[in-house]
Structure formats: C-alpha cells, structure tokens
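Novice: Sharing a sequence plus its predicted fold:
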There are 2 protein chains.
Amino acid sequence: MNEQHNPWFDATVQQLNDPQNQRVWSVIVSLFGDLAQEKGAQISGSALTRIITPMGIKPEAIRVALHRLRKDGWIESSRAGRASVHYLTEYGRNQSAAVTPRIYERHAAAPSEWHLLIAEDGAGQATLDEVLLLPSYVAVNRTAALGHGPMPRNLDDLMAAGVSSIAVPEWLKLRLFPEHLRDACAALQLDLKKISAPPAGLTPAQTGTLRTLLVHRWRRVVLRHPDLPPGFHPADWAGESCRALVFALLDKLPRPDLTALDGLSE
Amino acid sequence: MNEQHNPWFDATVQQLNDPQNQRVWSVIVSLFGDLAQEKGAQISGSALTRIITPMGIKPEAIRVALHRLRKDGWIESSRAGRASVHYLTEYGRNQSAAVTPRIYERHAAAPSEWHLLIAEDGAGQATLDEVLLLPSYVAVNRTAALGHGPMPRNLDDLMAAGVSSIAVPEWLKLRLFPEHLRDACAALQLDLKKISAPPAGLTPAQTGTLRTLLVHRWRRVVLRHPDLPPGFHPADWAGESCRALVFALLDKLPRPDLTALDGLSE
C-alpha cells in the first residue's frame, strides 16, 4: 500500500521540519517517546522508515542512527525473517519517561514553592555550580540559585531562604530565557501559526510523521528553558503561545495505533 | 562638697574605661543621650566635669570636645555669671533619639519579616551598594542583601524575594559579626563579669560616671553589629550576654536626677 499524496501533509512537513539542526537519532528518540514509550511497545523497521523519510531523511541515515541508539543502550532491535522491530530498552524508557511530563504538560508552570540558595563570594561558587546541575535549580547570578520545591536538607554551606513572594527584574528574565531560545520559540510560533487544520484522510504513518516533527520541535524548546511561571517570562516570550498551538495541533492528530502503523508496513 | 572616696567606684571605672579608643566628644554624646536627652534637660559645666574627670579625662579636653560639639550643632551652651550650662540642640536630640531604641533595647532581635535583594553580576553591584547604606540591610555577599521589614516598592532593577524561612551558614554568621566585633564584645563581657554589685553611698555624679561609661561601651558594640535574631549569631557571640549584663548593672545604677547633679555642683 502506497502513501496517499496529500499536499497539506507535504506543506506541513516542510513547515515543521528544521533541517538545519536535525539529528536523526534525536528525531527517533522523539518518535519513540511519542508513539512507543510503553513497555512492550514496538515499531517495525518499515513503519519507522515510512514515518521518518518524509522529513527528507534517507533510510541509510535511519539505519546509522538506530545503530548508534543500540550502542548507547536506548533501543533494542530484533528480526523476524526480513522484517525488523525496534523498541526502547528499560534505560531508554526511563530516559524518555523522565522528560515526558515536561514535554506533554499542557499548562504553564504555576507559581509554587521556591527557595533561594546563596553562596559565599569566591569559594562558595563551586558549591553552587554543583547545585545548578540539578534540574530544579536556575542560576540568578554567579552566587545565587533559585530552586523549585522545598529547601534541601543538606545545605553544603549555602545560605538558604524559603521564598514567600518574588519580583523578577528584566535582566533576570532575559538571563533565564536567553535570546537564542526566545528566537527559536518565536520561529516555532510563526511556523505553527501558518499550519491550517489537518484535512481528513491522513494515513497513520503521516500522522506519525507530523506528531514526531511537532513533538521534536517543541521538545527542543520546552526542555531548554526553565519551567517557570509567567512572572519570570520576558515580554516577548512566545513559549506559552507555542505550547497552546502545539497541543491544539496534536489534539487534531490523535496518536495512531501501533497495530495500524504495523498494518501498513506489511 | 567633695566626692566620697569609694574603692568600688575607682575599680569599676577602671574596668569600664577603654582609654585606647576614647574620644571625649563621643563620651559626652553618650552622657547626654543617657542623662539629658529630653527637651529642656541641661547639665552644668561643673556637673559635666565631675562626671567625666574620673574617667581620666582632663577638664581642658572636655572644653575642647564641647567646642567641637557646639561647632557641629550637637550642643548649645549658655552662661550665668561664672557658671555654664550645656544642653542638646534639636539636631543633637534627634541624632540621639535615632539610636536610643537600639542602645536601650533589653531584648535580642526577634525573628521577623525579611526579604532578599539580589543584583545582576557586575553592573548591579552599584545598585546594591546604595541599598546597603540603609540601616535595615546587611550584605550577604557582593550581590545579595538581606533586608528587615517589607519589600521596598522601588526595586531599582534588583530581584526581590520575601523570605519565609532562613538557614544561615557559618561563613555568613562570621561575615555579619566579624572578628573585631566578636573580640570587642568578648572583652566587654569579661569586664562586666568582673564587676560586683554596686555598694550603697554612690553620689549622683559617680552614678552618672558609671552609667556613661557603661552606655558608651555598649553603644560602641550594639550600634556596630546588625540587629539580627539568634539564628544569625556565631557560636562565640557574646553580644546577648553583654546586653543582659549591661542592663543588670544599669538597673542597679538608677539614672540620677539632673537637679541632684546640679545641686552637687553649687
């Protein structure tokens, strides 16, 4: 069975594709995270090819990326005659599950429990740098970090203060949401606004292609900015507009059944 | 009438005197603040001489200090024949009243409402330096200040956070209560502990000498450290012990009547 030709699909793939910075292994990670994250879920090699090649990625590049993902412990593959199936390893599932809540969160972060950690000038900065490796912290300046959630028990010689209210100056907003991120977000917003409602008759693989592209673009924005409520956003921050547009489109492209994908691959 | 010789008085003056760093004009400021701060209160030149000379300060040095205090607008003097009287100007009373609550506060600072102001690295430090001129702020490090009371309205591009709880590391305690201050406090504590209960029969001027010395020593400690609750104190901080000893002794040396002081000067 051949893919139906669909001009809307071709245009939308064009719109969502970001060929400048397209790592195939990373696209496959987005794909598995969206379509086959559950234990036991698997995708056939031919379904994978049909979902990914419309993005302009060659089958050979997919094979190389799968090889790398197997080497890195993300994916396992098995063969049944000429057909192959691929699935996430436990490690891959855990890595994927760790970021799923942030990628698929439909609502902007709400004001919440914050604390500040402040280091001594000089020597204390190394301690703070350790803290900033944790996902719940963002740097305020060289000696202060803002943390989400309750205060840690082991303070490692940092001053700690529970925060009851907060006022965020412009320089901090721009530091937390730097220019390259604001630009990437504005570009995604522009691309998403150009996409009209999906027509009827998309194949499961086409839906897979579009969902993968959409999640992939969004993932690279949402995971690169801190999860902070609107009081922290610069005036020109398009992130929340992107979030709304991403989920509006995803909702119109319901996740295809893996059996439907595989049915097409026979 | 001559001053009674009193060995306890001589020993205690010796104990409380700090000849190393004794500015006569500053002693006189302590004296007026303690004995004659109210509008209309005045002290005769001879009473002043009898209160101050037991500290080892010469009448000529008192005259020089009074001259300086008049020139600076703290004190006015008037003459009635050979006798002179001195009193605080309105400016002097206001200056004195501004620090009286801290000097005479019998209880350590209680945990209270705090906020943190955090500056951007580099340029922001100048803004923070301005804030640190206000008496309600202490420096945490080069880019953070802890403030007492509610958040200011004009934040001048600083990040501001209301503080709901606070954990103070050792380096910050030592920064807020530096070594020279801890040493001065420990020395005062040692001196105060050596002083036994005052015997009966002190003259009003002797009581004035002792109160002035006591308030003067305490003033130079209490006004030089930030007014912070016990959670901010280093383990070896003697300030609160000093406070208790100072007020225990002051209570045994009731403030003499100005008329009693003047009566003795005739």
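Specialist: Yep, that arrived. Residues are numbered from 1 along each chain as shown, chains lettered A, B, ... in the order given.
Novice: So which residue is dead centre in chain A?
Specialist: residue A:219 (1.8 Å; CA atoms, centre = their mean).
Novice: which SSE is that one in?
Specialist: Using DSSP states H and E, residue A:219 falls within helix A:204-222.
Novice: following that helix, which helix or strand shows up next?
Specialist: Taking DSSP H and E, what comes next after helix A:204-222 is helix A:239-252.
Novice: Tell me the spatial nearest neighbour of residue A:134, not counting adjacent residues.
Specialist: Leaving aside its sequence neighbours, residue A:134 sits nearest to residue A:147 (CB to CB, 6 or more residues apart in numbering or on different chains; 7.8 Å). For glycine as for every other residue, the C-beta is placed from the backbone atoms N, C-alpha and C.
Novice: Point out the residues in the stretch 51-200 of chain A that sit beside chain B.
Specialist: Residues of the stretch 51-200 of chain A lying close to chain B (CB under 8 Å from any CB of the partner chain) are A:114, A:116, A:118-121, A:124, A:140-144, A:151, A:155, A:157-172, A:175.
Novice: before we move on, the earlier item: any idea of the angle the helix holding residue A:219 forms with helix A:239-252?
Specialist: 170 degrees (axes from the mean of the first three to the mean of the last three CA atoms, to 10 degrees).
Novice: What is the distance between helix A:204-222 and the centre of its chain?
Specialist: Centroid separation between helix A:204-222 and its chain, computed with CA atoms, centre = their mean, to the nearest Å, is 9 Å.
Novice: How about stretch A:68-77?
Specialist: 19 Å.
Novice: buried stuff in that stretch?
Specialist: Using 16 or more other CB atoms under 10 Å in any protein chain shown as the test for burial, stretch A:68-77 gives A:69, A:74-75.
Novice: Run through who's touching it.
Specialist: Contact with stretch A:68-77 is made by A:25, A:28-29, A:32, A:45, A:66, A:84-89, A:91-92, A:95, as judged by CB atoms under 8 Å, 6 or more residues apart in numbering or on different chains.
Novice: So which of the residues you listed are in strands?
Specialist: Residues of the contacts of stretch A:68-77 located in strands (DSSP state E): A:84-88.
Novice: With distance to residue B:197 as extra columns, can I get those residues in TSV?
Specialist: Listed next are these as TSV, based on distance: CB to CB, whole Å:
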residue	distance to residue B:197
A:84	96
A:85	94
A:86	90
A:87	87
A:88	82
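Novice: Tell me the one of those residues nearest chain B?
Specialist: For the ones in strands among the contacts of stretch A:68-77, the closest approach to chain B (CB to the nearest CB) belongs to residue A:88, at 41.1 Å.
Novice: what's the closest one in contact with, if anything?
Specialist: Going by CB under 8 Å, 6+ apart, the list of residues near residue A:88 reads A:32, A:36-37, A:41, A:74-76, A:96.
Novice: likewise residue A:234?
Specialist: Here residue A:234 is in contact with A:170, A:173-174, A:177, A:182 (criterion: CB under 8 Å, 6+ apart).
Novice: Is it correct that residue A:217 is in contact with residue A:188?
Specialist: Yes - Residue A:217 is within contact range of residue A:188, at 5.6 Å (criterion: CB atoms under 8 Å).
Novice: Ramachandran angles for the closest residue to residue A:167 other than its chain neighbours?
Specialist: Using CB to CB, 6+ apart and skipping the chain neighbours, the partner closest in space to residue A:167 is residue B:160 (4.3 Å). For residue B:160, the backbone dihedrals (degrees, to the nearest 10) come out as phi -130, psi 140.
Novice: What's the local residue count around residue B:160?
Specialist: Close neighbours of residue B:160, defined as other CB atoms under 10 Å in any protein chain shown, add up to 19.
Novice: That one bridge partners, please.
Specialist: Bridge pairing for residue B:160 (DSSP bridges) gives the partners residue A:167, residue B:117.
Novice: what does residue A:44 give?
Specialist: Going by DSSP bridges, residue A:44 forms beta bridges with residue A:85.
Novice: what about it, distance to residue A:36?
Specialist: As judged by CB to CB, to the nearest Å, residue A:44 and residue A:36 stand 11 Å apart.
Novice: residues touching the residue nearest to the centre of chain A, list them.
Specialist: Neighbouring residues of residue A:219 by CB under 8 Å, 6+ apart: A:30, A:33, A:99, A:103.
Novice: Format these as a markdown table; extra columns: neighbour count and pLDDT.
Specialist: Putting these into a markdown table (neighbours: other CB atoms under 10 Å in any protein chain shown; pLDDT from 0 to 100) gives the following:
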| residue | neighbour count | pLDDT |
| --- | --- | --- |
| A:30 | 21 | 96 |
| A:33 | 23 | 96 |
| A:99 | 15 | 92 |
| A:103 | 18 | 94 |
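Novice: Between all of those residues, which two are at the greatest distance?
Specialist: Farthest pair in those (CB to CB) is A:30 and A:99. Separation: 10.2 Å.
Novice: in chain A, what spans have low per-residue confidence?
Specialist: Along chain A, segments meeting pLDDT under 70 span A:1-4, A:19-21, A:263-266.
Novice: Mark out where each domain of it begins and ends.
Specialist: A:7-107+A:177-265, A:114-169 (automatic domain parsing).
Novice: Out of these, which is closest to residue B:195?
Specialist: Closest to residue B:195 of the domains of chain A is domain A:114-169 (CB to CB; 38.0 Å).
Novice: what about the closest one, distance to the chain center?
Specialist: 26 Å.
Novice: Report how far apart the opening and closing residues of it are.
Specialist: Domain A:114-169 has its terminal residues 17 Å apart, counting by CA to CA, to the nearest Å.
Novice: Repeat that for stretch A:30-42.
Specialist: Where stretch A:30-42 begins and where it ends lie 14 Å apart, using CA to CA.
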